[in-house]
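Asker: could you work out the structure for the sequence below:
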Amino acid sequence: MWEDLDIGGYVRGEIHVPAFAEEETETSLGCTMQLKASAVFSESLSAFAELRNRMEHLKDICMDSDFDLREGYLSFRGARLDITIGEQVIARGQADTINPTDNLCARDKTIFSSEPDDQRLGAFATKMDVYVGDFTITGVWQPDFTHSEFLVPPLAPEIKIEDPELPSKEISSSAWALKCATYFHGTDISLSYFYGYCTYPDLILKEVFVQPRLEIRILPVFVSFRQA
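Answerer: Numbers count the residues shown, from 1 in each chain. You can find the predicted model right below:
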């Protein structure tokens, strides 16, 4: 049925102890269990799947469990053309924190982990790599928008974060990306193009009222995603 089947994984535990933030008194516990499986059906066709279960400590010694299929895709490998279809993590650029070219991969900032890759979220996409001489041309199509999760700091009682306004589930809201990369005299050179919505939302303050004695009252904050 297949030429090769490889199954692996790991279990990692973490303890996060607040050292400098005086307002933080909770010690956070976490456990990540990850299972990876790859199957080779022929010289040109293969499959990959990655399952992940995360358990995080909450207050009163309560554990919150989160299970997800992080990646699951089929790959076709040819002499000059590679095609990958399915749920996949597509990261661009070399930086982990501030990376303006990493527009195709949403992040879950509510995940506390020592590994930056743990925050990356998979999304359904079709990726095509074309090899022309020393150049690699990569095209990506993401039909469904996946947005990043972000942490909301403690807010005053008057401030309320409304549900984000997400792009419509239509072909016109799909994300498209192109990249041309090459290697020249020990240097990686690439040119990228992206059309779609930013994975991180904008926070828009709707209204501010100034009351007597210079007391400022802030009404709900609206969250939206802008097109890049």
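
Asker: longest strand in this structure, please.
Answerer: Longest strand in the chain, counting residues (DSSP state E): strand 62-77.

Asker: quick one: buried residues of that one?
Answerer: Using 16 or more other CB atoms under 10 Å as the test for burial, strand 62-77 gives 70, 71, 72, 73, 75. Placement of C-beta: from N, CA and C, glycine included.

Asker: what is that strand packed up against?
Answerer: When contacts are defined as 3 or more CB pairs under 8 Å, 6 or more residues apart in numbering; DSSP states H and E, strand 62-77 sits against strand 45-58, strand 81-88.

Asker: and for that strand, what's in contact with it?
Answerer: 43-58, 82-89, 121-122 (CB atoms under 8 Å, 6 or more residues apart in numbering).

Asker: you'd agree residue 161 is up against residue 224?
Answerer: No: the pair residue 161 / residue 224 is not scored as a contact, 11.9 Å apart, by CB atoms under 8 Å.

Asker: return the helix or strand in this structure with minimum mean pLDDT.
Answerer: Using mean pLDDT, DSSP states H and E, strand 215-218 stands out as the lowest-scoring helix or strand of the chain, at a mean of 54.

Asker: pLDDT below threshold where in this protein?
Answerer: 1-3, 19-26, 57-65, 94-97, 153-158, 206-219 (pLDDT under 70).

Asker: just the strands in it please.
Answerer: Using DSSP E, strands in the chain cover 4-16, 28-40, 45-58, 62-77, 81-88, 123-132, 135-142, 175-184, 187-195, 202-205, 208-211, 215-218, 221-224.

Asker: do you know how far residue 35 is from residue 112?
Answerer: 21 Å (CB to CB, to the nearest Å).

Asker: may I see the PyMOL selection of the buried members of the contacts of strand 62-77?
Answerer: A single PyMOL command is used to select the members of the contacts of strand 62-77 judged buried by 16+ other CB under 10 Å:
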select buried, resi 46+47+48+49+50+51+52+54+55+56+57+82+83+84+86+87+88+89+121+122
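
Asker: and the residue nearest the centre of the chain, how far from residue 227?
Answerer: The centroid of the chain falls nearest to residue 106 when counting by CA atoms, centre = their mean (2.7 Å). Distance, residue 106 to residue 227, by CB to CB: 15 Å.

Asker: re the thing from before, tell me which of the strands of the chain sits nearest to residue 98.
Answerer: Of all the strands of the chain, strand 187-195 sits nearest to residue 98, with 15.8 Å by CB to CB.

Asker: partners of the closest one in the sheet?
Answerer: Strand 187-195 has the following strand partners under DSSP bridges: strand 175-184 (antiparallel).

Asker: contact partners for residue 149?
Answerer: Residue 149 touches 106, 107, 108, 109, 110, counting by CB under 8 Å, 6+ apart.
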